[in-house]
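> Dropping the sequence and predicted coords here.
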Number of protein chains: 2
Amino acid sequence: MERESMMRQWQLADRPIGRALADGDFRLADVPMPVAGAGEMLLAVRWLGFEPAQKGWMENFGGYVAPIELGDVMRGMGVAEVVESRDGRWPVGTMVAGMTGWTEYLVSDGEGFDVCHPDLPPHAMLGVLGIPGLTAWHGFHAIGRPVAGDVVVVSGAAGATGSVAGQLAKVAGCHVIGIAGGAEKCAWLTQEAGFDAAIDYREGKVAAQLKALAPKGCDIVYDNVGGVVLDAMLARLAIGARVVLCGGISRYEQGGEIAGPGNYFNLILRRARMEGFIILDEQPRWGAMRDRLAALVLAGRLQWQVDEQQGFEAAPAALARLFTGANRGKQIVRV
Amino acid sequence: MERESMMRQWQLADRPIGRALADGDFRLADVPMPVAGAGEMLLAVRWLGFEPAQKGWMENFGGYVAPIELGDVMRGMGVAEVVESRDGRWPVGTMVAGMTGWTEYLVSDGEGFDVCHPDLPPHAMLGVLGIPGLTAWHGFHAIGRPVAGDVVVVSGAAGATGSVAGQLAKVAGCHVIGIAGGAEKCAWLTQEAGFDAAIDYREGKVAAQLKALAPKGCDIVYDNVGGVVLDAMLARLAIGARVVLCGGISRYEQGGEIAGPGNYFNLILRRARMEGFIILDEQPRWGAMRDRLAALVLAGRLQWQVDEQQGFEAAPAALARLFTGANRGKQIVRV
């Protein structure tokens, strides 16, 4: 098959440090189509997936991944199809997931990519079987250490990670309260995702609502938000609570540093633990976690939402949707 | 022996909520001497020991101990001598330690009291073998989980708890940096207590000083202070660090709520854990911990300072010394 000699890439043009994302942060560039060498494959990107962490990568915040330089292709997860193979790892037609970047095509020997699950849509590898699902699995189980009967509160509960974390808590026999922004998201939590209760943080008084819903306190706090929402949850710790620090979307809203949680002192009074993790560290266990997650999805015990935008050019706007809360479920783009 | 029919007690007269301690918080009362019943002993208090937590008890802050009511005898640890025994647990002359309260005499069946260590001064039960030493032992070992070679930073390092925690870290083969207020305390840390380095927080730039002393970060943070000092330490976490939340003396200085640590987000980026505890929970293991601490003291591997004020009437002023940093080592009063 004859291919175009050029393709498109989104490159990093500016760093959104201390501010929201802007149009000028990305540049759509025409670049030569890469050529697969011996043992390599040409991959055509079919979906891109979007994570809040990508804004941190653009800022070179935190230093836990290699820096992105200005002019580099924007880093990100994607699902791609093998469209040409020169004795590469997988045959033409195979759907694989990994760090494709925001590009229409790329060449790879397969290192760092996984074959998509055969019984679910390929883009599940970006959501319930991808970073969000794996993050929820590891954070909830390894850091949260649930015991049946625990009261669990999840912030960012309608998001791609929070919604999985809360449902895993239900599977584990816990009582689950979700915190999300807006009546529509809260209704989805209780009516579709099986949460026991939902708190709309936009109505304010999160700590008071949480006190009413969890009068004996929360055994597990699963935090995707940080800031005042984390502080409200820290006010309601049960003795021996575990606080899973998963993310801090509020850091981005504020455009800078996140507020410190004044109620951290409750970690002493309630003999509690607050712990963070980076899911990239757990890569050797991703396969085993994916098998468990896929089994729950196939058994109908794990609901997941996908928010699919259309077209490669939509990538920057799709990323921005995460920070306004516009997305409903996992944000992806069909290239 | 004929005894007086009356004795003195310090009673709680007001709660220092949102402010420093004041003279009017205590009332010195003359009350009838208690009388030992069958199986009981009359205890004469010889030393009182002082803890920052006592201010929190006066405020009924945190709810982890039974409330003190206005008019109650002030709660506190002490060392007492059995001066009369009606077939009680221990013979006359035995020195015991426990929650005596701020009273000259009390009656007890011995429940909650421990016999003082025979080879150390009785008041060691208030310091290196008491709540501070036990707190340091449990916090450092059970929460900090040291590994030889770890870099350890201790705040409030010249205090009764911090000085033991830091020396236990040296015993465990760690590199230890202490943070304390003033050149005199810092000199004691490095010249007497064997710390590898000391930072005088009154000179400011704690984070920068810590960066210079621990360029690869700190594996264990042992925090007695909270506020800006905790935040500076959180800026310098090593991957996989453990943050032991032991106390928050800065809460008292500020007279109210402690500032939230904005750098808590580093717990995610550095895959770190921050955990609190209450030493009262560990009472079943106090005896075993005391044996280990006493062995280290007798082997000359654990230095400890005592700041002894004189006279029962000095108790309120002795407590206040903790919050101005006036004390040099464990604050006690010889009754």
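In hand now; what should we look at?
> can you tell me how far residue A:106 sits from residue A:28?
Applying C-beta to C-beta, to the nearest Å, one obtains 16 Å for the distance of residue A:106 from residue A:28. Heads up, the C-betas are built off the backbone N, CA and C, glycines and all.
> again with residue A:301
41 Å.
> Can you pull the residues of the stretch 1-150 of chain A lying near chain B?
A:62-64 (C-beta under 8 Å from any C-beta of the partner chain).
> List only buried entries from these.
Buried residues within the residues of the stretch 1-150 of chain A next to chain B, counting neighbours by 16 or more other C-beta atoms under 10 Å in any protein chain shown: residue A:64.
> And the residues of the stretch 1-150 of chain A next to chain B, which is closest to chain B?
When those are ranked by distance to chain B (C-beta to the nearest C-beta), residue A:62 comes first, at 4.2 Å.
> What's the per-residue pLDDT of the closest residue to the closest one other than its chain neighbours here?
Excluding its sequence neighbours, the residue lying closest to residue A:62 (C-beta to C-beta, 6 or more residues apart in numbering or on different chains) is residue B:269, at 4.2 Å. The model reports residue B:269 with a pLDDT of 92.
> same thing with the one 10 residues further on?
According to the per-residue confidence, residue B:279 scores 93 in pLDDT.
> show me what contacts it?
B:131, B:134-135, B:138-139 (C-beta atoms under 8 Å, 6 or more residues apart in numbering or on different chains).
> quick one: which of those residues is nearest chain A?
Distances from chain A to those, taken by C-beta to the nearest C-beta, are shortest for residue B:139, at 10.2 Å.
> isn't there a strand covering that closest one?
No: according to DSSP: H, G, I helix; E, B strand; the rest coil, residue B:139 belongs to no strand; its state is helix.
> ok, how many other residues are close to it?
Counted with other C-beta atoms under 10 Å in any protein chain shown, the neighbours of residue B:139 add up to 27.
> OK, contacts around the residue nearest the centre of chain A?
Centrality entry for chain A: nearest residue to the mean C-alpha point is residue A:132, 3.6 Å, by C-alpha atoms, centre = their mean. Contacts for residue A:132 (C-beta under 8 Å, 6+ apart) come out as A:51, A:159-161, A:164, A:330.
> Can you name the two of those residues that sit furthest apart?
The most widely separated members of those, counting by C-beta to C-beta, are A:51 and A:164 (13.7 Å).
> what about the two, which has more around it?
Between residue A:51 and residue A:164, counted using other C-beta under 10 Å, residue A:164 has the larger neighbour count: 30 against 22.
> Does the residue lying closest to the more buried one once chain neighbours are set aside fall in a helix, a strand, or a coil region?
Using C-beta to C-beta, 6+ apart and skipping the chain neighbours, the partner closest in space to residue A:164 is residue A:136 (3.7 Å). State at residue A:136, reduced to three classes by three-state DSSP: helix.
> Tell me, how many residues neighbour residue A:136?
Neighbours of residue A:136 using other C-beta under 10 Å come to 32.
> how about the residues of the stretch 1-150 of chain A next to chain B in TSV, adding pLDDT and secondary structure?
Shown next, in TSV, are those (pLDDT from 0 to 100; DSSP: H, G, I helix; E, B strand; the rest coil):
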residue	pLDDT	secondary structure
A:62	73	coil
A:63	71	coil
A:64	73	coil
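> Secondary structure element holding residue A:42?
Here residue A:42, judged by DSSP states H and E, is contained in strand A:41-49.
> I'd like the next helix or strand past that strand.
According to DSSP H and E, the helix or strand after strand A:41-49 is helix A:53-59.
> helices or strands up against the strand holding residue A:42?
Where contact means 3 or more C-beta pairs under 8 Å, 6 or more residues apart in numbering or on different chains; DSSP states H and E, strand A:41-49 is packed against strand A:77-85, strand A:105-108, strand A:330-334.
> Single out the most deeply packed of the ones you listed.
Mean neighbour count (mean count of other C-beta atoms under 10 Å in any protein chain shown) peaks for strand A:330-334 among the helices and strands packed on strand A:41-49, with a mean of 24.
> what's the one helix or strand residue A:244 maps to packed up against?
According to DSSP H and E, residue A:244 maps onto strand A:237-245. Contacts defined by 3+ C-beta pairs under 8 Å, 6+ apart place strand A:237-245 against strand A:218-223, helix A:266-269, strand A:273-276.
> For residue B:318, which of these is the nearest?
Nearest of these to residue B:318, taken as C-beta to C-beta: helix A:266-269 at 23.9 Å.
> which other helices and strands contact the closest one?
Here helix A:266-269 is seen to pack against strand A:237-245, strand B:273-276 when contacts are counted using 3+ C-beta pairs under 8 Å, 6+ apart.
> Can I get the shortest one in CSV? Just the C-alpha atoms.
Just to be clear, that refers to strand B:273-276. C-alpha atoms of strand B:273-276 as CSV (Å, rounded to 0.1, in the frame of the first residue of the first chain):
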residue,chain,number,x,y,z
ARG,B,273,4.3,7.5,53.3
MET,B,274,3.3,9.9,56.2
GLU,B,275,1.9,8.2,59.2
GLY,B,276,0.9,9.2,62.7
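> Tell me which helix or strand in chain A has the weakest average pLDDT.
Least confident helix or strand, chain A: helix A:249-253 with a mean of 67, by mean pLDDT, DSSP states H and E.
> Find the pair from the contacts of residue B:279 with maximum spatial separation.
Pairwise distances across the contacts of residue B:279 peak at 11.5 Å for B:131 and B:139 (criterion: C-beta to C-beta).
> re the thing from before, find the helix or strand that the residue nearest to the centre of chain A is a member of.
Element membership of residue A:132, judged by DSSP H and E, is helix A:131-138.
> Any buried residues in that helix, and which?
Neighbour-count burial for helix A:131-138, counted by 16+ other C-beta under 10 Å, picks out A:131-138.
> Pipe those residues into a markdown table and attach distance to residue A:294 and pLDDT per row.
What follows is the buried residues of helix A:131-138, written out as a markdown table (distance: C-beta to C-beta, whole Å; pLDDT from 0 to 100):
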| residue | distance to residue A:294 | pLDDT |
| --- | --- | --- |
| A:131 | 15 | 92 |
| A:132 | 14 | 94 |
| A:133 | 9 | 96 |
| A:134 | 12 | 97 |
| A:135 | 16 | 97 |
| A:136 | 14 | 98 |
| A:137 | 11 | 98 |
| A:138 | 16 | 98 |
